[in-house]
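# Need a 3D model of the sequence below.
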Amino acid sequence: MPPARSPAAGLRRRKAFVPLMLLLPLVLLILFLIFPPRSIPAVSNAALRPQQTCDYAAGGWVPDASAESQLRYDHTCKEIFKGWNCVANGKRNGRALLRWRWKPAGCGLLPRLDPHQFLERHRNTNIGFVGDSLNRNMFASLVCMLRGVSGEVRKWRPAGADRGFTFLRYNLTLSYHRTNLLVRYGRWSASSHGGALESLGYKQGYRVDVDIPDQTWADATSFHDVLIFNTGHWWWAPSKFDPIQSPMVFFEKGMPIIPPLLPPEGLDLALKHMVTFVNKAIRPNGIKFFRTQSPRHFEGGDWNGGGSCQRDQPLSSEEIKEFFSVDNNGTNTEVRLVNQHLMKALEQSTFRVLNVTHMSEFRADAHPSTTGGKKHDDCMHWCLPGPTDTWNDLLAANLAATERELA
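Numbers count the residues shown, from 1 in each chain. Predicted coordinates:
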């Protein structure tokens with residue numbers, strides 16, 4: 001048996017224990033001061049809150065000194081139309097205009113399209129640009145980016161395209177289908193036998209069939225997996241469709257529309273029919289974008305009235321208001337007028353809108369101007385390399401988001 005404990009021994013232990021109890025808080029305080037608790041990282045707090053959504057359509061351009069040295073292609077790319085090659089043509093700010101990056105509202109810089117990643121992600125894919133020369137501007141930018149990392153390319157023109165390339169290692173095809181109005185049009189002359197238009201005094205003009213797609217892209221919907229559409233400039237082109245000498249005369253179901261429509265009304269009807277056509281004809285799981293209008297930056301008059309674009313820096317927000325205000329009815333208001341019609345046509349559709357308008361409105365510095373090889377300043381098309389590279393950054397970001405939704 002263990003020896004019995006004496007009462008005195010227990011008392012001595014309790015007396016020794018009391019001072020230790022009194023010292024414990026002091027010890028804990030010292031440890032707290034020496035080793036303070038680690039705070040929870042800020043990212044953990046952020047993860048508990050709803051993520052901010054990037055508004056790619058809003059934002060501003062910020063200078064980035066490294067952007068010029070990180071070009072994804074240069075002026076040697078053969079797909080650059082000669083008049084858009086601002087560096088090769090000696091535009092005074094041809095390189096300086098590349099030192100800007102788009103920062104969307106609510107997030108950091110818009111990620112740059114990674115050519116390797118884009119090719120890999122879009123293996124066995126056909127991508128078509130359908131529209132006027134501004135969509136060719138965008139098409140050429142993307143071709144140049146991808147050719148910079150993959151030179152095994154076959155040149156061909158699929159499904160009625162004006163231009164096209166297949167990146168053989170990835171079986172990725174890019175093509176451009178030129179169409180000014182999206183719908184079929186051609187010269188029209190009054191019949192000697194008379195008719196509804198003739199009775200109203202029409203002698204000649206351009207027949208525009210609002211319900212028939214232009215043959216240059218009618219087959220594109222069954223070939224491409226991704227389509228990027230645009231139209232706009234040609235609907236506001238009085239030098240081409242003179243309202244007196246060569247007006248647009250609109251037809252539907254093969255018959256002239258009476259009373260005759262003005263071009264804005266004709267655009268509404270054409271967009272309505274083309275949205276319906278694409279929805280019916282597109283491939284299963286096809287992705288369709290409609291790019292918003294690209295702005296012009298003429299100052300001092302229109303292209304045929306001495307207008308020019310000689311700026312070396314992007315516009316400020318206040319200057320944008322002056323340039324593009326519909327209320328001012330200035331030279332460049334076309335961009336916002338067209339967008340009003342586009343948004344009206346697309347609001348109930350399943351098209352995804354690629355909104356490049358606001359980001360481009362700043363860039364009065366990035367047109368070919370006097371180096372475009374024309375008799376007048378080119379203040380409509382864009383230098384390459386230039387802002388249309390950022391349009392393709394935006395396309396890549398939207399494609400990635402769309403593919404995540406469909407996965």
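
# ok, now which ones touch the nearest residue to residue 363 once chain neighbours are set aside?
Among residues not flanking residue 363 along the chain, residue 387 sits closest, at 4.9 Å (C-beta to C-beta, 6 or more residues apart in numbering). Where C-beta positions appear, they are placed from N, C-alpha and C, glycine not excepted. Contact partners of residue 387, counting by C-beta atoms under 8 Å, 6 or more residues apart in numbering, are 359-360, 363, 366.

# Swap in 6 Å and give it another go.
Listed by C-beta atoms under 6 Å, 6 or more residues apart in numbering, the contact set of residue 387 reads 360, 363, 366.

# other SSEs contacting whatever helix or strand residue 175 lives in?
Assigned by DSSP states H and E, residue 175 falls within strand 172-178. Judged by 3 or more C-beta pairs under 6 Å, 6 or more residues apart in numbering; DSSP states H and E, the packing partners of strand 172-178 are strand 126-131, helix 133-147, strand 163-167.

# just these: most buried one?
strand 126-131 (a mean of 26; mean count of other C-beta atoms under 10 Å).

# That strand: partners in the sheet, and parallel or antiparallel?
Note on strand 126-131: by DSSP bridges, its sheet partners are strand 172-178 (parallel), strand 226-229 (parallel).

# Pull the residues that contact that strand.
135, 139, 173-177, 217, 220, 223-231.

# Drop anything exposed from the residues you listed.
135, 139, 173-177, 217, 220, 223-231 (16 or more other C-beta atoms under 10 Å).

# element containing the closest residue to residue 319 other than its chain neighbours?
Using C-beta to C-beta, 6+ apart and skipping residues adjacent in sequence, the residue nearest residue 319 is residue 364, 7.9 Å away. Under DSSP H and E, no helix or strand contains residue 364.

# Next, the contact list for residue 364, please.
297, 309, 311, 315.

# Just the buried residues of these.
Buried members of the contacts of residue 364, scored by 16+ other C-beta under 10 Å, are 297, 309, 311, 315.

# Can you pick out the most distant pair from those?
Greatest spacing in those, by C-beta to C-beta: 309 and 315 (10.7 Å).

# And the pLDDT at residue 20?
pLDDT recorded at residue 20 is 43.

# Same question for residue 277.
Per the predicted model, pLDDT is 98 at residue 277.

# In space, what's closest to it - neighbours in sequence excluded?
Computed as C-beta to C-beta, 6+ apart, the closest residue to residue 277 that is not its neighbour in sequence is residue 213, at 5.6 Å.

# Likewise for residue 116?
Closest to residue 116 by C-beta to C-beta, 6+ apart is residue 149, at 5.6 Å.

# same thing with residue 110?
The nearest residue in space to residue 110 (C-beta to C-beta, 6+ apart) is residue 102, at 4.6 Å.

# Dump the helix or strand where the one you found lies to CSV, restricted to CA.
Residue 102 is part of strand 100-105, with elements assigned from DSSP H and E. Output in CSV follows, covering the C-alpha atoms of strand 100-105 (Å, rounded to 0.1, in the frame of the first residue of the first chain):
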residue,chain,number,x,y,z
TRP,A,100,-2.0,52.4,-73.4
ARG,A,101,-4.0,49.6,-71.7
TRP,A,102,-7.7,49.5,-71.1
LYS,A,103,-8.8,49.4,-67.5
PRO,A,104,-12.4,48.4,-67.2
ALA,A,105,-14.6,49.8,-64.4
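
# Now do whichever helix or strand comes after that strand: distance to the chain's middle.
On the C-terminal side of strand 100-105, the nearest following helix or strand under DSSP H and E is helix 115-121. Helix 115-121 sits 18 Å away from the centroid of its parent chain (C-alpha atoms, centre = their mean, to the nearest Å).

# got the buried residues for helix 115-121?
115, 118-119.

# now do stretch 265-282
So stretch 265-282, judged by 16+ other C-beta under 10 Å, has buried residues 266-271, 273-275, 277-278, 282.

# With only the CA atoms kept, save it in PDB.
Backbone C-alpha positions of stretch 265-282 (Å, rounded to 0.1, in the frame of the first residue of the first chain) are rendered in PDB as follows:
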ATOM      1  CA  GLU A 265     -36.100  52.600 -90.500                       C
ATOM      2  CA  GLY A 266     -34.600  50.300 -93.200                       C
ATOM      3  CA  LEU A 267     -31.800  49.400 -90.700                       C
ATOM      4  CA  ASP A 268     -34.300  48.400 -88.100                       C
ATOM      5  CA  LEU A 269     -36.100  46.100 -90.500                       C
ATOM      6  CA  ALA A 270     -32.900  44.600 -91.800                       C
ATOM      7  CA  LEU A 271     -31.600  43.900 -88.300                       C
ATOM      8  CA  LYS A 272     -34.900  42.300 -87.400                       C
ATOM      9  CA  HIS A 273     -34.700  39.900 -90.300                       C
ATOM     10  CA  MET A 274     -31.000  39.100 -90.000                       C
ATOM     11  CA  VAL A 275     -31.300  38.300 -86.300                       C
ATOM     12  CA  THR A 276     -34.100  35.900 -87.100                       C
ATOM     13  CA  PHE A 277     -32.100  34.400 -90.000                       C
ATOM     14  CA  VAL A 278     -29.000  33.800 -87.900                       C
ATOM     15  CA  ASN A 279     -30.900  32.300 -85.000                       C
ATOM     16  CA  LYS A 280     -32.400  29.700 -87.400                       C
ATOM     17  CA  ALA A 281     -29.300  29.000 -89.500                       C
ATOM     18  CA  ILE A 282     -26.500  29.000 -86.900                       C
END
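
# just curious, which of the contacts of residue 387 is nearest to residue 164?
residue 360 (25.4 Å).

# Same question for the closest one, what's its three-state structure.
Secondary structure, DSSP: H, G, I helix; E, B strand; the rest coil: residue 360 is helix.

# re the thing from before, mind listing the residues bridging to the residue nearest to residue 277?
Beta-bridge partners of residue 213, as defined by DSSP bridges: residue 183.

# Kindly report the same for residue 229.
Note on residue 229: beta-bridge partners by DSSP bridges are residue 130, residue 290.

# mind listing what it touches?
If you count contacts by C-beta under 6 Å, 6+ apart, residue 229 has them with 130-131, 290.

# go again using 10 Å as the cut-off
128-131, 135, 177, 179, 182, 217, 220, 271, 274-275, 278, 288-291, 342, 346, 351, 354 (C-beta atoms under 10 Å, 6 or more residues apart in numbering).
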